[in-house]
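Engineer: A structural model of the following input is requested.
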Amino acid sequence: MKKRWFSRKSLKRTAAVGLAMVTMMGTLAGCGGSSGGSTGADGSTSGGSDTEQSSSAGDREPVTLTVYSERANYSGMQEGWGAKLLKDKFNVELNIVPNGEGVFDTRMESGNLGDIVIFGSEGDYMQARDAGLLFDWEEDNVLADYGPYIKEHMPYALEKNRDMSSDGKIYGLGYEVATDSNDLQSFFYTWDIRWDLYAELGYPEVKNLDDLVNLFVEMKKICPTDDNGKPTYAASLWPDWDGDMVMYVKSTATAYYGYDEFGVGLYDPSTGKFYGALDDNSPYLEMLDFYHKLYMNDLLDPDSMTTTYDTMIQKVKSSGTFFSIFNYAGCLAYNTPEHMESGRMMKSLTPTDASPIVYGLNVLGGNNYWAIGNNSEYPELCMEIINYFCTPEGRMNMEYGPKGVTWDYDEDGNTYFTELGKKTNSDGSTVLEGNGFSGTFKDGQFQTNMITWSLDASNPDSNGETYNDENWKSNQTDALCAVDQDWRDKTGCTTTNEYMLKGKYMVSPGSAYVMPTRSDELKTTWAQVTKCIRENSWKAIYAKSDEEFTSIVNGMKAQAKGFGYQDCWDWSNEQAKARKAAEDAASN
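Structural biologist: Numbering: from 1, shown residues only. As a prediction, the model looks like this:
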């Protein structure tokens, strides 16, 4: 008979009833009655039933946990290989609830955020914490008993979280934790373009954004349609991830100048200067103009304002785009075996004037958080799962699929992909067959869209390698195809990261800086200002002329000013000073 994984409420209820029974039996025994077993000093009774929980998934009844993830792009039950892995290991199923318009506020008002809670915003995390909606990880020794790997191997990240709380308690764990603060993440602002088309055009110089526009014009002339016969574009954007600004616009400023998104603008890590999104000639407005130029030249997917991330990726995979500032929407999605066999590939080409950002690894963790809802009936189980994702095997499985099926270690401890893993890593539509798995690799990926260790952190289970497959010894191979060899010959590099480090770049160092919660009054102002920025930015991109673009931008500035843009700017500017001080302190 299976043992039940008792919920926290039922355990406390059982404990209360048990205490009452012990008291009653003791009273009866004092009157000459028999309890059917002797009572020990710790309150236990001999001859009683065994209610000890088992750590084996097979001994537990199945449990469904609700995971509210502000980072998720998926709604519903976790499926595929990821679901099987969790079912086999914990006998648990995950029901994933993504963020959306008003979702956070609604769940806050209900007083129940979910079992496992994943925050994509430091502000939301602190708001939920201060409202008493997050579980204290050290209550009843839950962290020590059910999160031992976290407790032993992520002490700095835990202490950062403790220091963030006025009551000195730990309510969560930042993501992208590092093992060494001197290391850098791999670049993901990699400026990917269709290298085969670039080579066909004779490798024209790309110094700045204007050169890129001219390049894309020529690319469209020689490649006007995609694999499905539909029009090609330089880029396809998506609004799913828009926040205080239009995500792709502000990210292009980050990729070009190395300025990090910060408040209602961008932050220069080298100087600490803050650039408001709507300042005259701001980096944000410059990139807004860049995408408007693409639109005016029929080089921007006209569906960008309404498309989804998944739809955009399908267009990339169908050769519908020439360019992406991100590797995940460029080379990682496009460079399938089929494309490479046909002489097509996306590779990095950074404009010579650009200084893409690269983030320093942070032993304190980043500003997205794992947490447990205070109303969860299963905080121990939630902690076990989070702890598992923090182990080397859990982190690797999260990234690449199940160990022994898609990846493993050789006799020397070097990490390698299996033949199936090579296919799943390059093409998410690859089906996992056998070993009890089914469906495509993409179907089974953990739809929470959250990680624990940084991809470039050291993997202690390996022979000195990191979690990043680009740097594994097994992947230091010859060129994948003729296009790859051509890129290597022209750049003198063998990997993307080597190429990016060879050029100019801006380092954003890790630090203990935490953006504080805004006042209720500023939150209201902030919501109006940022909504104005997002909506009018999209309108400006789709302006029918340069004059209309200028008119929309000027109108946006005036409207945002009326909503209180200056208050948001002042707050962001003050926080930029605090961030710079924390970064300077971390480097000393």
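Engineer: show me the shaky parts of the stretch 51-200 of the chain.
Structural biologist: Scanning the stretch 51-200 of the chain for pLDDT under 70 picks out 51-58.
Engineer: can you map out the strands along it?
Structural biologist: With DSSP state E, counting those that start in this stretch, the ranges of strands along the stretch 51-200 of the chain come out as 63-69, 76-77, 92-98, 116-119, 172-174, 189-194.
Engineer: and of these, who's closest to Leu288?
Structural biologist: strand 189-194 (17.7 Å; C-beta to C-beta). Bear in mind the C-beta positions are built from the backbone N, C-alpha and C, glycine included.
Engineer: hang on, the earlier thing: dump the strands of the stretch 51-200 of the chain into CSV; add distance to Leu522 and mean neighbour count as well.
Structural biologist: Below are the strands of the stretch 51-200 of the chain laid out as CSV (distance: least, C-beta to C-beta, whole Å; neighbours: other C-beta atoms under 10 Å):
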stretch, distance to Leu522, mean neighbour count
strand 63-69, 25, 20
strand 76-77, 35, 12
strand 92-98, 26, 20
strand 116-119, 19, 28
strand 172-174, 23, 25
strand 189-194, 30, 26
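Engineer: switch the ones you listed over to TSV; also include distance to Phe135.
Structural biologist: Below are the strands of the stretch 51-200 of the chain laid out as TSV (distance: least, C-beta to C-beta, whole Å):
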stretch	distance to Phe135
strand 63-69	13
strand 76-77	23
strand 92-98	17
strand 116-119	9
strand 172-174	9
strand 189-194	36
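Engineer: nearest to Glu139, out of these?
Structural biologist: strand 172-174 (13.4 Å).
Engineer: packing partners of that closest one?
Structural biologist: Using 3 or more C-beta pairs under 8 Å, 6 or more residues apart in numbering; DSSP states H and E as the contact test, the elements touching strand 172-174 are helix 155-164, strand 369-372.
Engineer: in the longest one, what counts as buried?
Structural biologist: Within helix 155-164, the residues that qualify as buried by neighbour count (16 or more other C-beta atoms under 10 Å) are 156-158, 160-161, 164.
Engineer: which two in those residues are spaced the farthest apart?
Structural biologist: Pairwise distances across the buried residues of helix 155-164 peak at 12.8 Å for Tyr156 and Met164 (criterion: C-beta to C-beta).
Engineer: doesn't Val431 make contact with Gly439?
Structural biologist: Yes: the pair Gly439 and Val431 qualifies as a contact (C-beta atoms under 8 Å) at a distance of 6.9 Å.
Engineer: so what's the residue nearest the centre of the chain up against?
Structural biologist: When C-alpha atoms, centre = their mean is applied to the chain, the residue found nearest the centroid is Met450 (4.6 Å). Met450 makes contact with 69, 71, 118, 175, 368, 370, according to C-beta atoms under 8 Å, 6 or more residues apart in numbering.
Engineer: same question, Lys84
Structural biologist: 436-437, 444.
Engineer: out of the residues you listed, which are inside helices?
Structural biologist: Gly444 (DSSP state H).
Engineer: give me the buried subset of the contacts of Lys84.
Structural biologist: Buried by 16+ other C-beta under 10 Å: 437, 444, out of the contacts of Lys84.
Engineer: now the contacts of Lys84 in a markdown table, with pLDDT and distance to Glu498?
Structural biologist: What follows is these, written out as a markdown table (pLDDT from 0 to 100; distance: C-beta to C-beta, whole Å):
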| residue | pLDDT | distance to Glu498 |
| --- | --- | --- |
| Gly436 | 87 | 39 |
| Phe437 | 90 | 35 |
| Gly444 | 96 | 32 |
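Engineer: ok, so of the contacts of Lys84, who is nearest Met245?
Structural biologist: Gly444 (33.1 Å).
Engineer: name the nearest residue to Ser394, ignoring sequence neighbours.
Structural biologist: Actually, residue 394 is Gly rather than Ser. Excluding the flanking residues, the one nearest Gly394 by C-beta to C-beta, 6 or more residues apart in numbering is Tyr388, at 4.3 Å.
Engineer: where does the one you found land on pLDDT?
Structural biologist: For Tyr388, the model assigns a pLDDT of 98.
Engineer: what is the helix or strand containing Leu381 packed up against?
Structural biologist: Assigned by DSSP states H and E, Leu381 belongs to helix 379-390. Counting contacts by 3+ C-beta pairs under 8 Å, 6+ apart, helix 379-390 packs against strand 63-69, helix 80-90, strand 116-119, helix 142-146, helix 148-153, strand 369-372, helix 392-400.
Engineer: please identify which helix or strand holds Gly421.
Structural biologist: helix 419-426.
Engineer: next, count neighbours for the residue nearest to Gly394.
Structural biologist: Residues within reach of Tyr388, counting by other C-beta atoms under 10 Å, total 21.
Engineer: the one 10 residues further on too?
Structural biologist: By the measure other C-beta under 10 Å, the count of residues near Met398 is 21.
Engineer: per-residue pLDDT, Gly421?
Structural biologist: 95.
Engineer: that one contacts Lys403, correct?
Structural biologist: No: using C-beta under 8 Å, Gly421 is not in contact with Lys403; the gap is 10.0 Å.
Engineer: more crowded one of the two?
Structural biologist: Per other C-beta under 10 Å, whichever of Gly421 and Lys403 has more neighbours is Gly421, with 23 against 18.
Engineer: what's the separation between the more buried one and Met346?
Structural biologist: 21 Å (C-beta to C-beta, to the nearest Å).
Engineer: re the thing from before, out of the helices and strands packed on helix 379-390, the one nearest Val213 is which?
Structural biologist: Once the helices and strands packed on helix 379-390 are compared by C-beta to C-beta, helix 392-400 is nearest, at 35.6 Å.
Engineer: what residues sit buried inside the next helix-or-strand element following the closest one?
Structural biologist: Note on helix 392-400: by DSSP H and E, the next helix or strand toward the C-terminus is strand 407-409. Residues of strand 407-409 classed as buried by neighbour count (16+ other C-beta under 10 Å): 407, 409.
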